Each structure stands twice: as structure tokens, then as C-alpha cells.
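Novice: Quick check, what structure comes out for this input:
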Amino acid sequence: MVRVLVTGATGYLGGVLINRLRERGMDTVALGRNPQSCAHLEECGFTTICADLSGGMELQLIRQRIGAVDAVVHCAALSAPWGRLAAFS
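Specialist: You can find the predicted model right below:
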């Protein structure tokens, strides 16, 4: 079985994608930063990792929690009509 990591799984695009991948029989690891949305994904049976990649959590720890994957689809992004420019770089 193909195992796919989807970053931004708690956002719109990532959320649609994890559902489509599951429909196609793929094992999906959902990575998101919104705790409430991560909890919902876990309730729906997704392997879920809740982490803000910009927040200083060690990447090695995240990598251990993810395990081996066959592919990564990066859907994570900071999007807002306001905010400090430095937050978007």
C-alpha cells in the first residue's frame, strides 16, 4: 500500500486531498497545525500529526512520528490578507 504524507492537511486543499487519497486506497499521514482540526482528522481515522513546522519543534521528532512514506504532497502555507512580511518568508 502506498503511504503519502500531506502537509497542510487541516487546510482546505490538504483536507480535500487526504480524502481523495483515502478513496483511492492510499494510507495517508495528515500533518497540520490546527489542534481542533487534527483531532477531527484523528476521529475520522487518519494518522495525524499536529505540529507547526515554523514553531521550533525538532524536525527529527516529527520525522520519527511520521515514519516511512512513499510520497510527500506539500499543501501547507501561511495565507492571510494581513500580517508581518517576515512571517511569510
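
Novice: Now for residue 33, how many residues are close by?
Specialist: Residues lying near residue 33 (other CB atoms under 10 Å) number 21. C-beta coordinates here come from the backbone N, C-alpha and C atoms, glycine included.

Novice: repeat for residue 47
Specialist: By other CB under 10 Å, 17 other residues sit near residue 47.

Novice: now swap in the one 3 residues further on and tell me
Specialist: Burial measure for residue 50: 20 neighbouring residues, criterion other CB under 10 Å.

Novice: So for the lowest-mean-pLDDT helix or strand in the chain, what gets flagged as buried?
Specialist: Least confident element among the helices and strands of the chain, by mean pLDDT, DSSP states H and E: helix 59-66 (a mean of 82). For helix 59-66, the neighbour count (16 or more other CB atoms under 10 Å) marks residue 66 as buried.

Novice: Where does the residue nearest in space to the middle of the chain fall, secondary structure wise?
Specialist: In the chain, the residue lying closest to the centroid (CA atoms, centre = their mean) is residue 31, at 2.1 Å. Per DSSP states H and E, residue 31 falls inside strand 27-32.

Novice: Would you mind checking the average pLDDT for that strand?
Specialist: The average pLDDT within strand 27-32 is 95.

Novice: now the very next helix or strand once past it: how far from the chain's centre is it?
Specialist: Moving toward the C-terminus from strand 27-32, the next helix or strand (DSSP H and E) is helix 35-43. Helix 35-43 has its C-alpha centroid displaced from the chain centroid by 11 Å (CA atoms, centre = their mean, to the nearest Å).

Novice: that older thread, next, the angle strand 27-32 makes with the least confident helix or strand of the chain.
Specialist: 140 degrees (axes from the mean of the first three to the mean of the last three CA atoms, to 10 degrees).

Novice: The next helix or strand along the chain from helix 59-66 pairs with which strands, and in what direction?
Specialist: Downstream of helix 59-66, the first helix or strand assigned by DSSP H and E is strand 71-74. Within its sheet, strand 71-74 is paired with strand 3-7 (parallel), according to DSSP bridges.
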